[in-house]
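# output the structure for:
(one chain, ligands or ions: 1)
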Amino acid sequence: MTNPWNLVFLTLFAVYFTIRGIYIDRAKGTRTKVSRIDVMERVLLFLVFLGNLLLPLVYIFTSWLQFFDYTLPSLLPWIGTVALIVALWLFWRSHRDLGLNWSPSLEIREQHHLVTHGVYHNIRHPMYSAILLFGIGQGLVLENWLGGWSGLVSFILMVVVRLPREESLMTEFFGDAYLAYMKTTGRLIPRVNRRL
Ligand code: SAH
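Next comes the predicted model:
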């Protein structure tokens, strides 16, 4: 690992998984009421595991992907680092605001509450926005087509398939409250609600 940007990425990557680990641990005692984890969900989770975790690590710790190496203009890894830090902040805030209602897949918890406060006030999927932004940061920091952009590509796939399914699950359980919430929020980009 001779490229110092790999070390920068690895450090922020460790922060990402530490945040996730803390909330996985907190959610352990929470029971699931409904699970919609089907074959499609499992395939998507596997692709995200490949793109977000495995390929960047293979790139950093082995020379197996060197065929896909390229050199970035020197400003881009700096911009990528800023994107990674902002993404980590949003990732942490959305975990904090979602609390025990979080799950890694399509699930409803036994004591599930609709969260509309904090970073969820203007945006319905801040955690997914954070992971997409993290993917952009990863691509700008790691100088390898596969190790760099696999995270973004796999998560775009995940979001395209999962978003409509997640929103219909939420509508099924929270009905009008979720429909009203949809009207005042953006999906992945905050919606600014102006008072007339
Ligand atoms: N899509 C959200 C949450 C990701 S975690 C985000 O990007 O921030 C996935 C789980 O969160 C889903 O299974 C769903 O049950 C739950 N969820 C999604 N939006 C929610 C909300 N506003 N309030 C409570 N739970 C929510």
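# tell me the buried residues in stretch 149-165?
Of the residues in stretch 149-165, those buried by neighbour count under the rule 16 or more other Cβ atoms under 10 Å are W149, S150, G151, L152, S154, F155, M158, V159, R162. Heads up, the C-betas are built off the backbone N, CA and C, glycines and all.
# give the contact list for the residue most central in space within the chain.
The C-alpha lying nearest the average C-alpha coordinate of the chain belongs to I131 (Cα atoms, centre = their mean; 2.7 Å). Under the criterion of Cβ atoms under 8 Å, 6 or more residues apart in numbering, the contact list for I131 reads N52, A87, F91, F155.
# so which of those residues comes closest to F67?
Set against F67, the nearest of those by Cβ to Cβ is N52 (21.2 Å).
# closest to P73 out of the contacts of I131?
Compare each of these with P73 using Cβ to Cβ and the shortest gap goes to A87, at 21.0 Å.
# any idea which helix or strand carries the closest one?
helix 76-98 (DSSP states H and E).
# ok, and does that helix reach over to the ligand?
Yes - using Cβ under 6 Å from any ligand atom, helix 76-98 reaches the ligand at S94, L98.
# past that helix, which element shows up next along the chain?
Elements were assigned by DSSP H and E; along the chain past helix 76-98, the next helix or strand is strand 107-109.
# mind listing what the closest residue to N3 other than its chain neighbours touches?
Nearest in space to N3, with sequence neighbours left out and distances taken as Cβ to Cβ, 6 or more residues apart in numbering, is E143 at 6.6 Å. Listed by Cβ under 8 Å, 6+ apart, the contact partners of E143 are N3, W5, D69, Y70, T71, L72, P77.
# repeat that with 10 Å
In this structure, E143 makes contact with N3, W5, N6, Y59, F68, D69, Y70, T71, L72, L76, P77, judged by Cβ atoms under 10 Å, 6 or more residues apart in numbering.
# lowest-confidence helix or strand of the protein?
strand 32-35 (a mean of 90; mean pLDDT, DSSP states H and E).
# which helix or strand lies directly C-terminal to that strand?
On the C-terminal side of strand 32-35, the closest following helix or strand by DSSP H and E is helix 39-48.
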